[in-house]
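Colleague: structure, please.
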Amino acid sequence: MGLRELSLKEEYRSDRDDIISEFFIPCLSNCIEYDRCIKYVSVESFSTLTLGFENFVKNQAKMRVITGHRFRASDLNVLTRMMPNHKSEFRFNLSFFGSDKNKLLKDMITNHKLEVKIAIPNSEEIVGSFDEKIGIFLDENDDVVAFAGTSSETFSTQNRNFESVDIFTSWNDKSRVETKIKDFEELWENKTKYVEVYDFDYAEKNNLLKYTSPWALEFT
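Modeller: Below you'll find the predicted structure:
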């Protein structure tokens with residue numbers, strides 16, 4: 001099944017929809033590429049996404065993520081060790097990362113199926129942190145579903161926010177989808193005003209990544 005065959009709404013809202021089961025999981029299960037901009041990421045969120053991505057399990061899909069530069073200490077330590085260019089005597093073992101889904105995450109990173117870049121505001125015009133919330137699904141038929149307006153990724157029923165998500169499709173909202181794709185690609189290529197975007201390895205080696213207190217993270 002492709003994205004076009006899904007019964008998608010123009011908007012999903014927490015008071016009347018189950019955003020995870022009605023939107024995220026169907027789109028993840030039927031795409032081959034997923035691009036995401038989000039304020040925070042965690043090992044849990046990445047690992048859960050890989051399981052929701054049926055084509056990831058088959059090694060047929062890839063994901064690109066642009067995120068802010070603040071992480072929980074435990075997440076940053078694990079993600080740093082997972083990156084393919086990390087140089088140390090550390091040797092990956094399943095017990096360290098805790099589960100089969102984390103092993104799948106490690107394999108995806110090693111095989112360049114998951115790429116992560118870090119966005120940091122670089123202008124006095126922007127006094128906060130990177131906080132764009134957009135996502136783009138692409139299927140094998142080149143159909144696209146884009147969305148804006150959510151920070152949720154772990155699919156945890158205990159940590160869901162009250163939120164709404166606006167949906168755009170390439171067959172009904174071509175111009176909006178093209179705008180979202182352009183915005184993401186310009187970020188990925190570091191061509192966006194007021195923000196610098198770095199490869200994860202560069203940001204880590206140059207001490208651009210910061211720890212944040214768990215209570216400050218709203219990404220769950």
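Colleague: just to confirm, which helix or strand has residue 145 in it?
Modeller: strand 144-148 (DSSP states H and E).
Colleague: for residue 63, see how far away residue 195 is.
Modeller: Relative to residue 63, residue 195 is positioned 21 Å away (CB to CB, to the nearest Å). Yep, even glycine has a C-beta here, placed from its N, CA and C like the rest.
Colleague: in the protein, which helix has the most residues?
Modeller: helix 174-188 (DSSP state H).
Colleague: let me see the mean pLDDT of it.
Modeller: For helix 174-188, mean pLDDT is 97.
Colleague: again, but for stretch 204-211
Modeller: 89.
Colleague: buried residues of that stretch, list them for me.
Modeller: Neighbour counts over stretch 204-211 (16 or more other CB atoms under 10 Å) mark 204, 209 as buried.
Colleague: end to end on that stretch, go ahead and measure it.
Modeller: Stretch 204-211 has an end-to-end distance of 12 Å (CA to CA, to the nearest Å).
Colleague: need the residues that contact that stretch.
Modeller: For stretch 204-211, contacts defined as CB atoms under 8 Å, 6 or more residues apart in numbering pick out 69-73, 76, 80, 83, 118, 120, 198, 202-203.
Colleague: among those residues, which are located in strands?
Modeller: 70, 71, 118, 120, 198 (DSSP state E).
Colleague: if we can go back for a sec, let me have the contacts of stretch 204-211 in CSV, extended by neighbour count and distance to residue 209.
Modeller: CSV is the format used below for the contacts of stretch 204-211 (neighbours: other CB atoms under 10 Å; distance: CB to CB, whole Å):
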residue, neighbour count, distance to residue 209
69, 21, 5
70, 21, 8
71, 23, 6
72, 21, 11
73, 11, 11
76, 19, 6
80, 17, 8
83, 17, 11
118, 24, 7
120, 18, 9
198, 18, 9
202, 12, 10
203, 20, 5
